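In: Structural data only, the sequence is not supplied:
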C-alpha cells in the first residue's frame, strides 16, 4: 500500500512539474522588434522594456513570413508571443531560441520602400498609391495581398534627388537608406 502511494505521489509531482514548465514556457510576452538577416538567415530581434535584446527564430504568426520583405526590413514592430524552449541551429549562422509569434503590429511609422539602398536597380520597383496610413500595417503590406500593388521594371526608373518633382507620366518611388528617390514611368492603363 505504501509503495502504491509513493508511486502515485511521484506521478503527481512529475505531472505538476511538467504542467508548470509548459505554462511558463508559453507565457505570452510583448516586445518591440526589428528584422535582422545575419548570414542570410531571417531573424527577429526582440527588445525588452529593460533594454535587453535577443535575436530569435520566429515561428507561428511571424511577420517574417507575413509581411512583404521590403516593408519588414525597415519597420519596427510590436510582437507578442512566447519562447518555446527550443533552440534552432542551422549549422551556419548559429543557435537561436525559437519564439512563437501570436500577434504583431507596427510600432510607430511603417516604412514602405519601393526599393532598398542596395537594390536601387533591382529587377522590379513597387509603386505605392498615395496617402497611405503612416502608423499602421494595411493589406498591401502583406505578402498575400501583393497583387494589389503596381510594379514596374527598374529599367523604367531614373534616380533623382528627393526634392525633385517627377515629370508628368512618372510616379515617385522611395528608396530606403538613400538620400534619393526614383521617378518611374507609370504603366499604361488597359
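Out: All right, it came through fine. All values reported here derive from a predicted model rather than from experimental measurement. Residues are numbered from 1 along each chain as shown.
In: can I see the domain layout of this structure?
Out: Here the domain parsing of the chain from automatic domain parsing is 28-106, 115-185.
In: pLDDT score assigned to residue 139?
Out: We have a pLDDT of 90 for residue 139.
In: How about the one 4 residues further on?
Out: Per-residue pLDDT puts residue 143 at 87.
In: give me every residue that touches it.
Out: Contacts were defined as C-beta atoms under 8 Å, 6 or more residues apart in numbering; by that measure residue 143 touches 65-68. In short, each C-beta sits where N, CA and C put it, glycine included.
In: Counting neighbours, which of those comes out on top?
Out: residue 67 (21 neighbours; other C-beta atoms under 10 Å).
In: For that residue, give the beta-bridge partners.
Out: residue 142 (DSSP bridges).
In: Which one of the domains of the chain has the poorest average confidence?
Out: Between those, the lowest average pLDDT goes to domain 115-185, which shows a mean of 83.
In: Now do the end-to-end distance for that one.
Out: Start and end residues of domain 115-185 are separated by 15 Å (C-alpha to C-alpha, to the nearest Å).
In: and residue 93, what does it touch?
Out: Residue 93 touches 38-41, counting by C-beta under 8 Å, 6+ apart.
In: returning to that earlier point: could I get the domains of the chain as JSON lines with distance to residue 4?
Out: As requested, the domains of the chain are exported to JSON lines (distance: least, C-beta to C-beta, whole Å):
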{"stretch": "domain 28-106", "distance to residue 4": "33"}
{"stretch": "domain 115-185", "distance to residue 4": "57"}
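In: Just name the most buried of those domains.
Out: Neighbour counts (mean count of other C-beta atoms under 10 Å) averaged over each of the domains of the chain peak at domain 28-106, with a mean of 17.
In: gap between it and the chain center?
Out: Its chain's average C-alpha position is 7 Å from that of domain 28-106, according to C-alpha atoms, centre = their mean, to the nearest Å.
In: Could you give the separation of stretch 96-108 from the chain centroid?
Out: 8 Å.
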